[in-house]
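1. Have a look at this prediction, sequence included:
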Amino acid sequence: MSTVYTFVASPGHIYPDHPERPGRLDVLRSKLDSFEAEPLDANPASRDQISLVHHPRLVSTLEHVCREEAPGIIDYAPTYVTQTSFDDALLAAGGVLACSRAVINGEARNAFAIVRPPGHHAEPDRAMGFCIFNNVAIAARDALANGLERVQIIDYDAHHGNGTQAAFLNDERVAFLSAHQWGIYPGTGWITDAPGARKRIVNAPLPAYAGDKVYEQVADRIFKPFVESFKPQMIFVSVGFDAHWSDPITMLGLSTQGYLTLARKVVALAEEYCGGKIVFVLEGGYDPVNVANGADGIFEALTNSRSGNEANDPNPRAEPDCESRIEEIRKWHGFE
């Protein structure tokens, strides 16, 4: 079985001077043919599929706003819409569904959904944080509707995946982990945010400049026991390349090599615990070169190959000591 991917650039979903723009994917688009992966066609998600996560009233309101009132800003983040944004968001969600279904049905070993607009901030009743619909949450619920009983989501975008957490706070079939920079948008995601769902809803808030060494410790000492304790049948990864040290809107410290190491570790967890069933889903990342280099590493991890990418961009800043923070997270969740 091969690795597959979908590519949904949504050129009509664009707003002047906004960082979440089609150009994020320009460098990556030029490299797609070099990856050892097969493209999949994406079809728009149905309203029934969107409603697996989102309130039907939100769906109808967003459709009206996009078709009748756009372009404009719909929240303070700012999240924008254009006349094509509703259809673009349906297609982005459909791109993740296509990847997920291919893996579930045994048509692909693993997958990467390269889609925009992103989704992990979108809550069941609210579009926010550059996100219209929560692509990964919709795919996770669809996986459950198609026979799976336990699905896990790991999110290492620089921002807390508040929307995904909200979608599954009371759904014991889904476990969610977010490793993110503490103190930035959306201001949620502290260690104790979900006291009624310890081990299943896990937040790893990290200080500014946390980089390769810290993330490797987080993967080994938090990701691993998180997956081990839940024993998922499939893993989704919300990956944002805005944790790179040179991203223009965040202050974390991952390098291209750090992203590759992280992808390899997560793929290895999927191999060990769920037969390799894993789907990466693009979230943020606002430097096109970082997005392309990071995606290169994901394809390298998924296909167990060498891409030839020689990017050498170590974090020039000193990393903080996060030992006490990691231990605090482990203790709260009883990870031993």
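-> Nice, I can see it. Residues are numbered from 1 along each chain as shown.

2. Model confidence score at Ser100, please.
-> Looking at Ser100, its pLDDT reads 99.

3. looking at this, it is in a helix?
-> Yes: assignment of Ser100 by DSSP: H, G, I helix; E, B strand; the rest coil places it within a helix.

4. isn't it right next to Ala139, touching?
-> Yes: using C-beta atoms under 8 Å, Ser100 is in contact with Ala139, at 4.3 Å. For glycine as for every other residue, the C-beta is placed from the backbone atoms N, C-alpha and C.

5. Look at those two and report which has more neighbours.
-> Neighbour count, other C-beta atoms under 10 Å: between Ser100 and Ala139, Ala139 has more, with 32 against 28.

6. For the protein, which segments count as helices?
-> Secondary structure of the chain, counting by DSSP state H: helices at 26-29, 47-50, 56-64, 85-104, 135-145, 162-168, 212-218, 224-230, 256-274, 288-303, 323-333.

7. Lys231 is in contact with Ala270, isn't it?
-> No: using C-beta under 8 Å, Lys231 is not in contact with Ala270; the gap is 11.9 Å.

8. of these two, who's got more company?
-> Each of Lys231 and Ala270 has its neighbours counted (other C-beta under 10 Å); Ala270 has more, 23 against 11.

9. ok, back up a step: what's the closest of the helices of the chain to Ile201?
-> For Ile201, the closest of the helices of the chain is helix 162-168, at 6.1 Å, according to C-beta to C-beta.

10. phi, psi of the nearest residue to Pro207 once chain neighbours are set aside?
-> Nearest non-adjacent residue to Pro207, counting by C-beta to C-beta, 6 or more residues apart in numbering: Pro320, 4.9 Å away. When read as degrees, to the nearest 10, the backbone of Pro320 gives phi -80, psi 160.

11. show me what contacts Pro320?
-> Going by C-beta atoms under 8 Å, 6 or more residues apart in numbering, Pro320 touches 207-210, 214.

12. Just the buried subset of those residues, written out for ChimeraX, thanks.
-> Written as a ChimeraX command, the selection of buried residues from the contacts of Pro320, which uses 16 or more other C-beta atoms under 10 Å, is:
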select :207,209,210,214
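
13. measure the residue nearest to Met234 when sequence neighbours are not counted to Phe299 for me?
-> Nearest-residue entry for Met234: Lys277, 4.3 Å, with adjacent residues in sequence omitted and distances by C-beta to C-beta, 6+ apart. Distance of Lys277 to Phe299, given as C-beta to C-beta, to the nearest Å: 17 Å.

14. re the thing from before, for the residue nearest to Met234, which residues are in contact?
-> 103-104, 110, 233-235, 270.

15. If we use 7 Å, what do you get?
-> Residues counted as contacts of Lys277 (C-beta atoms under 7 Å, 6 or more residues apart in numbering) are 103, 233-235, 270.

16. what's the farthest-apart pair in the contacts of Pro320?
-> Maximum distance among the contacts of Pro320 (C-beta to C-beta): 11.1 Å, for Ala208 and Val214.

17. Can you give me the pLDDT of the residue nearest the centre of the chain?
-> Residue closest to the mean C-alpha point of the chain, counted by C-alpha atoms, centre = their mean, is Ser238 at 1.5 Å. Looking at Ser238, its pLDDT reads 99.

18. Surely it is in contact with Glu283?
-> Yes: using C-beta atoms under 7 Å, Ser238 is in contact with Glu283, at 4.9 Å.

19. Can you work out which residues contact both of these two?
-> 120, 157.

20. I'd like to know how far the spatially closest residue to Asn43 that is not a sequence neighbour sits from Asp75.
-> Using C-beta to C-beta, 6+ apart and skipping the chain neighbours, the partner closest in space to Asn43 is Gly94 (4.9 Å). Using C-beta to C-beta, Gly94 is found at 23 Å from Asp75.

21. more neighbours, these two?
-> For Gly94 versus Asp75, the count of surrounding residues by other C-beta under 10 Å is larger for Gly94: 25 against 14.

22. Let me see the contact set for that one.
-> By C-beta under 7 Å, 6+ apart, the residues touching Gly94 are 42-45.

23. Name the member of these with the most neighbours.
-> If you count neighbours using other C-beta under 10 Å, the busiest of the contacts of Gly94 is Ala45, which has 25 neighbours.

24. Could you find the closest non-adjacent residue to that residue?
-> Ala93 (3.9 Å).

25. shouldn't that neighbour be in contact with Asn134?
-> No: Ala93 is beyond contact range of Asn134, at 8.2 Å (criterion: C-beta under 7 Å).

26. Compare neighbour counts for these two and give me the winner.
-> A direct count of neighbours by other C-beta under 10 Å for Ala93 and Asn134 places Ala93 higher, at 34 against 31.

27. any idea how far the more buried one is from Asp142?
-> For Ala93, the distance to Asp142 equals 9 Å [C-beta to C-beta].

28. Same check on Gly163?
-> Gly163 is 16 Å from Asp142, by C-beta to C-beta.

29. Which one's more surrounded, these two?
-> More crowded of Gly163 and Asp142, by other C-beta under 10 Å: Gly163, with 28 against 22.
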